[in-house]
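Undergrad: how would this look folded up:
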Amino acid sequence: MGYNRKIIIMSRNVIERLADRPFDIPTALISIADADCDFAALTNKPQFILQLAFDDVDNDEFIDELGENPTIEEKCRVEEKYNIITDEQAGQIAVFYNEVWDKSDVFICQCEYGQSRSAAVAAAIMEYRDRSGIEIFAHDNYCPNKLVFRKVFEALNKTEM
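TA: Sure, this is the predicted structure:
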């Protein structure tokens, strides 16, 4: 469990144990589930929550199937086939971040094992905020999904326009 003072990366098991008690400080949670699974079972819910379902599929499957320059239609087809994070879901993360960052004392990114998708979301937010996302990529406990990172980082940057 961990990453920076405000952003915390967690697995499903850890967030479910944490949610056995009420959240006593303003907490935001991005909870990511596999496309064919239930979300984390939370006895108590944090003040702010966004739940999204997409699988831990990275650039390799995407590029293997489509090559380097796919059309928008081809990208959408592959996103659906592999349950890849969509641009819409990345946009939801960006909107959620913008709406609750200043209202929450803790910002939790959670996925099944707390190593890939949640780490990628945390890294994208950290990179967007202060260019420190590399800390997540350099940490031995995490293997951030690069596709999730890229899409979320792009969506965060689009919200500035």
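Undergrad: now for the protein, which residue lies nearest the mean position of the chain?
TA: Residue closest to the mean C-alpha point of the chain, counted by CA atoms, centre = their mean, is residue 121 at 3.5 Å.
Undergrad: three-state assignment of that residue?
TA: When classified by DSSP: H, G, I helix; E, B strand; the rest coil, residue 121 comes out as helix.
Undergrad: can you check residue 78 too?
TA: Counting by three-state DSSP, the backbone at residue 78 sits in helix.
Undergrad: what about it, how many residues close to it?
TA: Here the count is done by other CB atoms under 10 Å, and residue 78 has 18 residues near it. (C-beta placed from N, C-alpha, C; glycine too.)
Undergrad: quick one: contacts for the residue nearest to the centre of the chain?
TA: Neighbouring residues of residue 121 by CB atoms under 8 Å, 6 or more residues apart in numbering: 30, 32, 93, 109, 148, 149, 152.
Undergrad: what sits up against the helix or strand harbouring the first one?
TA: Remark: residue 30 resides in strand 27-33, with elements defined by DSSP states H and E. Residues from elsewhere that reach strand 27-33, judged by CB under 8 Å, 6+ apart: 12, 15, 39-40, 42, 45-54, 93, 96, 100-101, 103-112, 117-118, 121.
Undergrad: do that again at 6 Å, thanks
TA: 39-40, 46-53, 100, 104, 106-111, 117, 121 (CB atoms under 6 Å, 6 or more residues apart in numbering).
Undergrad: out of the contacts of residue 121, which are inside helices?
TA: 93, 148, 149, 152 (DSSP state H).
Undergrad: returning to what we had before: got a markdown table for the contacts of residue 121, with neighbour count too?
TA: What follows is the contacts of residue 121, written out as a markdown table (neighbours: other CB atoms under 10 Å):
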| residue | neighbour count |
| --- | --- |
| 30 | 25 |
| 32 | 29 |
| 93 | 23 |
| 109 | 28 |
| 148 | 29 |
| 149 | 27 |
| 152 | 30 |
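Undergrad: of all those residues, which comes closest to residue 60?
TA: For the contacts of residue 121, the closest approach to residue 60 (CB to CB) belongs to residue 148, at 13.2 Å.
Undergrad: gap between the residue nearest to the centre of the chain and residue 111?
TA: Residue 121 is 8 Å from residue 111, where distance means CB to CB, to the nearest Å.
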